[in-house]
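>>> mind folding the following:
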Amino acid sequence: MNTVLLTLLSISFLFLEVNAQPSVSLKGTVLDAETNNPIVNVSLTISGTSIEQKTDTNGNFVFKNIPTGNQLVQITFNGYEPQTLPININDDNQEIDLGIILLFVDLASLDNGGLISLTEDELNDDIGGADNISGLLSSSRDVFSRTAAFEFSPSFFRVRGLDSDNANVLINGIKMNKLYNGRPQWSNWGGLNDVLRNQELTTGLAPSSYTFGGVLGAININTRASKARAGGRVTYSSSNRSYTNRVIASYASGLTKKGWAYTISFGRRWGNEGYLDATSYNANSFFASVEKKLNDNHSLNFTGIYATNRRGKSSPNTQEIFDLKDIKYNEYWGYQNGKKRNSRIKKIEEPILMLNHYWDINGNTKLNTNVAYQFGKLGNSRLDYNGTDLVNGFPEGGGANPSPAYYQKLPSYFLRNNPDDLGIAYGAQQEFINNGQINWDDLYFANTINTLNGGNAIYALYEDRVDDTQLTINSILNMELNNHVLFTASLNYQSLKSENFAQVVDLLGANGYLDVDSFADDLLNNPDTVQNDLLHPNRIVKEGEIFKYNYTLFANILSGFAQAQFKYNKIDLFLSGSVTNTNYQREGIFQNGSFPDNSLGKGDELTFTGFGAKAGFTYKITGKHLIDINGAYLSRAPSLRNTFSNARENHDIVGDKNDIEITEEKILTADANYVFRSPKVKAKLTGYYTKFEDATEISFFFADGIGGDNTAFVQEVLQGIDKLHIGGELGIEYKIIPTVKLKGVASVGQYTYDNNPNLTLTTEPSAEAEVAGFVNGFKDFGQSNLKSYRIASGPQKAFSVGFEYRDPNFWWFGATINYFDDTYLDIGPLTRTSNFTSDFDGNVFNDYDEALARELLQQEKFEDYIVVNLVGGKSWKVDDYYIGFFASVNNLLDKTYKTGGFEQGRNANFRELRDDKSLDTPVFSPKYWYGRGTTYFVNVYIRF
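Numbers count the residues shown, from 1 in each chain. A predicted model of the protein is given here:
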């Protein structure tokens, strides 16, 4: 440790600059423009230098030894608009008093309906087309980041084409990203906007005071009660996006004379239906934070967060369905007793308990130790239609797919299979147009009749459940070694127990469900394959009981990082390193009949070791012109989701059967930035490069055309994926006059697969699987030819221009025009393997046409589009109360556009795809997500 400190100090002396300038001081007072109350801990820096100050409890600040010449004072505080003040320091000045400086509340940060509805809705969906980092960027003062969060997010724009697992979200220094997939679960703290505003964001590779961070940076949400602004606030919101109503009430006491502080908040969001059909919303939130200042050096803070969320999900739709219905169509619901009932309900209930100890060891050293415990459940419901009865010892029965959009119920299916009788297709068309929803009465009727005949449920509603219990402990050390060197280090431990199972929710009028696998087809040779659990064969389950699958995943992660920051008048630099040890294990509670020797009990332990190193520097050409360059290399363990190839049924680990060992993912990334800052203009130009290597991805779907004409439900495993993300970003703000501001943002990227990864399929062993070339449910297809295909990551080009007018009488208005292009469909890797060209005998199809194949496999690019958004607000002071109003309209011109989609896995070979695409309306065309049409968000609050 001493060697490290001496090295850091030696580096600092290399850059030490001594300014023999006359001693000039600068002082002033920062107040809230609306309330005239002092603002504490406002950050003030002299641009182009390492000189920085914070305001005290009275809002006062004092700078000493300011260099002579023209200087810029940068003033920033979370939740307020930043300011830049030009000053002139000359030899005649001994003291300059700037007087009172008024900071205006950043009105966009008060609430933005687009961000709110997105971060609490689509961002938590379990379909990859909706993942981005808007919730992370919303706290940024940077015009590019804020535009990406508030203007680009409804189009599912991803900054640099990256998923949210590349950014760290922390609460009080505790990392909140889920270990299952690496993404933050935004609904765990949804509906608590008022008490989560105290945030510290580091974008990209910039150094953080809490964590090593990811490629996209990190955000720490500080819920410490003594740091919350004293007072109360009541908010009501109305919208037609996700929920229709929202109420939030919050109060913070501030630090009392006895050293106590508390903050509480209650929130409720609800609605029978959002913008899309039958997307009900019901969420309740509670927050409490209590702090005790033990003495001048020690404080304890407890935080409790309880946020429940229940919402109806919406379906992706083919072009055929869109043409027959509309943009709001959702196949997951139907009427029951005159009310809309959605079969796909997502429920989240995962409370967070946190204890934080703050120790100011001395004026230059702080140690923050944290313990967090999170538990609860996450459920996704769906209909099962494979219920059977035992007949002569064998399961028989099953029902028809209840989905109204099932391909065998659509006109395209009948046009393909009954081309000489168009009346059948017309009948299907009219049925879908006039009804086209789940018929709950039919499901109840089928179950009732079968029950009366002594049978079991044919249909059942069940939940895929994940019940997590996680403990996190960490300590974060921050040291100011001298005026130029900051040292940060942390040690972190995470332990997860994740219980995964299916649970019966509703038997739909029946008395029980036979817990067997009705898809097993090798009953004569091995009757046990039909059993989901050999320990309880042919079990009849009731509502609330576990069936189908039951297993537990364990994860233990130990990590640490160290960081040194050096700040001087002309240059800032940092060095950071991390190491992470990750351990995974699966334990099967059920003994699966298809994998009797590889499903029960604990499987093998897996251990991964990840390393990270990053560095960067900022060169201050002048106070207005800066250059910032950063680079990093990281290796990280695959997520739990991408480690076990078929966790529901067995212990199999990715790569076990094809001798391609699963390994850590590697990331090489760099960015270069030019920053210009003046009182009127703020601009930032960025170029970036990110290369991913050895990534793993697992998908689940029903494939048609495997090894000829065979079908199977498969797990598709891609190994050794390389991806390349390159591009540039530009953000600029120009204050024409004090009341009018123009802004412009551009993002131009190219995100592609950079190699041809290996593809394998796994499925249950069966006679049909053997015919298709599977051995014990496994088949290796070799490389998937993905190189140079675009990654489906939202628009790869996005532009925005807009203005904002702020009236001195506290009303404001703004408008933006946003343009999006280069949005691509997510391609199917299986159709880019040897399976695409191979007949049942393994040879190339005798009618294979290479030119036609290239055309069939061309990636679909969506049409470009323009979206216009409006926003405005007003605030008033009435006695000691402050009343605010905010409203926004998104997609003013009601533009219809696609935000994402995917190729269906049904057409897995050349003949299947050729024959389907030759139709006027393909049966298995891609499924798409669409952006919302015109929507609104209205917000009213009272602050006291």
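>>> any idea where the helices of the stretch 101-250 of the chain begin and end?
In the stretch 101-250 of the chain, the helices defined using DSSP state H, counting those that start in this stretch lie at 107-110, 113-119, 134-137, 143-150.
>>> where among those is average confidence lowest?
For these, mean pLDDT drops lowest on helix 113-119, to a mean of 39.
>>> look up how far residue 519 lies from the closest residue to residue 543 other than its chain neighbours.
The shortest distance from residue 543 to any non-neighbouring residue, by CB to CB, 6 or more residues apart in numbering, is to residue 504 (5.1 Å). Where C-beta positions appear, they are placed from N, C-alpha and C, glycine not excepted. The gap separating residue 504 from residue 519 is 19 Å, by CB to CB, to the nearest Å.
>>> so after the longest strand belonging to the chain, what's the next helix or strand?
Scanning the chain for the strand with the most residues, using DSSP state E, yields strand 710-737. The first helix or strand that comes after strand 710-737 along the chain, using DSSP states H and E, is strand 740-753.
>>> okay, that next one in CSV with CA atoms only?
C-alpha atoms of strand 740-753 as CSV (Å, rounded to 0.1, in the frame of the first residue of the first chain):
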residue,chain,number,x,y,z
VAL,A,740,-34.1,31.8,-25.5
LYS,A,741,-31.9,28.7,-26.0
LEU,A,742,-31.3,26.7,-29.1
LYS,A,743,-30.0,23.1,-29.0
GLY,A,744,-28.8,20.5,-31.4
VAL,A,745,-27.8,16.9,-31.1
ALA,A,746,-26.5,14.3,-33.5
SER,A,747,-25.6,10.6,-33.1
VAL,A,748,-24.1,8.7,-36.0
GLY,A,749,-23.0,5.1,-35.3
GLN,A,750,-22.4,1.7,-37.0
TYR,A,751,-23.0,-1.3,-34.8
THR,A,752,-22.2,-4.6,-36.4
TYR,A,753,-21.3,-8.3,-35.8
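>>> now do that strand, average pLDDT.
On average, strand 740-753 scores 97.
>>> now it and strand 710-737, what's the angle there?
150 degrees (axes from the mean of the first three to the mean of the last three CA atoms, to 10 degrees).
>>> list the strands paired with the helix or strand following strand 740-753, with their directions.
The helix or strand immediately downstream of strand 740-753 is strand 758-762, counting by DSSP H and E. Paired with strand 758-762 in the same sheet, following DSSP bridges, are strand 710-737 (antiparallel), strand 778-783 (antiparallel).
>>> what are the contacting residues of strand 758-762?
Residues outside strand 758-762 that contact it (CB atoms under 8 Å, 6 or more residues apart in numbering) are 645-646, 652, 657-658, 660, 703, 706, 712, 714-720, 774, 777-784, 829-830, 833.
>>> mind redoing it with 6 Å?
Under the criterion CB atoms under 6 Å, 6 or more residues apart in numbering, residues 645-646, 658, 660, 714-720, 777-781, 784, 829, 833 lie in contact with strand 758-762.
>>> need the mean per-residue confidence for stretch 223-243.
94.
>>> centre of the chain to that stretch, how far?
Relative to the mean C-alpha coordinate of its chain, stretch 223-243 is positioned 22 Å out (CA atoms, centre = their mean, to the nearest Å).
>>> same deal with stretch 928-944?
Distance, centroid of stretch 928-944 to centroid of chain: 19 Å (CA atoms, centre = their mean).
>>> stretch 498-506 now?
Put simply, stretch 498-506 sits 24 Å off its chain's centre (CA atoms, centre = their mean).
>>> going through the contacts of strand 758-762, which ones are buried?
645-646, 658, 660, 714-720, 777-781, 784, 829, 833 (16 or more other CB atoms under 10 Å).
>>> the nearest residue to residue 59 once chain neighbours are set aside: neighbouring residues, count only.
Spatial nearest neighbour of residue 59, excluding adjacent residues (CB to CB, 6+ apart): residue 38 at 2.8 Å. By other CB atoms under 10 Å, the residues close to residue 38 number 17.
>>> contacts only, for residue 38.
Taking CB under 6 Å, 6+ apart, we find residue 38 in contact with 31, 58-59.
>>> and it, how far from residue 96?
Distance of residue 38 to residue 96, given as CB to CB: 20 Å.
>>> quick revisit: in the sheet, who's paired with the residue nearest to residue 543?
Counting by DSSP bridges, residue 504 forms beta bridges with residue 462.
>>> pretty sure it sits against residue 464.
No. Assessed by CB atoms under 6 Å, residue 504 is found out of contact with residue 464, at 11.8 Å.
>>> and the longest strand of the chain, what's buried?
Those would be 710, 712, 714-727, 729-733, 735, for strand 710-737 by 16+ other CB under 10 Å.
>>> residue 734 contacts residue 743, doesn't it?
No. With contact defined as CB under 6 Å, residue 734 does not reach residue 743; the gap is 7.6 Å.
>>> now do the shared contacts for those two.
In terms of CB under 6 Å, 6+ apart, residue 734 and residue 743 are not both contacted by any residue.
>>> where along this structure do the helices fall?
Taking DSSP state H as the test, the helices found in the chain are 2-14, 107-110, 113-119, 134-137, 143-150, 319-324, 411-417, 422-434, 440-452, 767-771, 850-856, 910-917.
>>> thank you kindly, that will do.
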